[in-house]
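> this is the structure alone, sequence omitted:
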């Protein structure tokens with residue numbers, strides 16, 4: 001994160017040498033950003049100790065829509081889907097089943113409202129602009145666990161079959177993003193960005209089905225409670241529409 005902030009500050013300094021920001025350049029316009037990239041779980045989320053959730057790096061895809069009101073300030077909304085891979089090897093080493101089946105990873109969908117600020121540097125008038133932007137996000141997210149089936153020998157464990165399945169879980173979140181847009185004709189371009197969720201603790205629901213050696217079924221609803229923050233890097237395409245008349 002520190003490296004990214006340093007790079008962004010250095011970029012602003014270099015751009016300001018050759019151009020001055022035009023804070024009204026993108027006023028009254030709508031921007032649509034479609035992106036994808038890598039997502040990185042936070043320390044507790046990725047931990048492989050007893051209280052960890054065994055999440056690994058995954059991918060994210062999403063889109064962002066904002067309307068710029070004035071002086072580069074705008075509002076909008078965002079939707080994003082995250083898939084975190086599951087560290088099967090570490091989990092199996094911890095659970096020590098005789099056999100297992102694990103599918104999917106952690107899935108999370110996020111919908112939020114945005115507050116965006118843009119600082120556009122028009123390098124070539126009406127032809128090429130570098131736009132620096134930052135965005136604050138607040139909204140709701142869902143989270144589901146992987147599907148896990150474990151089998152044990154009756155001599156080593158009371159239950160010979162244990163299954164974990166996801167239940168609907170939703171929670172609030174706060175986050176932010178920042179990046180660079182390389183705009184052509186002030187209408188379309190490429191977006192490079194970084195985003196992150198602020199650290200907060202939440203519960204994720206799941207169900208458990210257990211069979212003992214006599215075939216008796218035991219069912220229960222449970223949850224894990226942990227920090228679920230993450231960060232990520234994105235590459236996308238951005239489109240700008242409208243503008244002052």
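Structure received. In this text the structure is predicted, and so the values were computed from the model without any measurement.
> all contacts plus neighbour counts: C-alpha atoms, from now on.
Noted.
> helices and strands of the chain: which one bottoms out on pLDDT?
helix 2-18 (a mean of 57; mean pLDDT, DSSP states H and E).
> ok, residue 105 to residue 154 distance?
Note on residue 105: its distance to residue 154, by CA to CA, to the nearest Å, is 28 Å.
> out of those two, which sits in the more crowded spot?
Comparing residue 105 with residue 154 by neighbour count (other CA atoms under 10 Å), the higher total belongs to residue 105, at 22 against 13.
> so how far is residue 180 from that one?
Here the distance between residue 105 and residue 180 works out to 31 Å (CA to CA).
> quick one: residues contacting residue 238.
Remark: with contacts taken as CA atoms under 8 Å, 6 or more residues apart in numbering, residue 238 is in contact with 31, 32, 33, 34, 181, 188, 189, 190, 191.
> apply 7 Å and report the result again.
Remark: with contacts taken as CA atoms under 7 Å, 6 or more residues apart in numbering, residue 238 is in contact with 31, 32, 33, 34, 188, 189, 190, 191.
> partner residues bridging residue 223?
Residues found in beta-bridge contact with residue 223 (criterion: DSSP bridges) are residue 205.
> only the buried residues of stretch 139-151, if you could.
Neighbour-count burial for stretch 139-151, counted by 16 or more other CA atoms under 10 Å, picks out 139, 141, 142, 143, 144, 145, 146, 147, 148, 149, 150, 151.
> which among those residues gets closest to residue 121?
residue 139 (30.4 Å; CA to CA).
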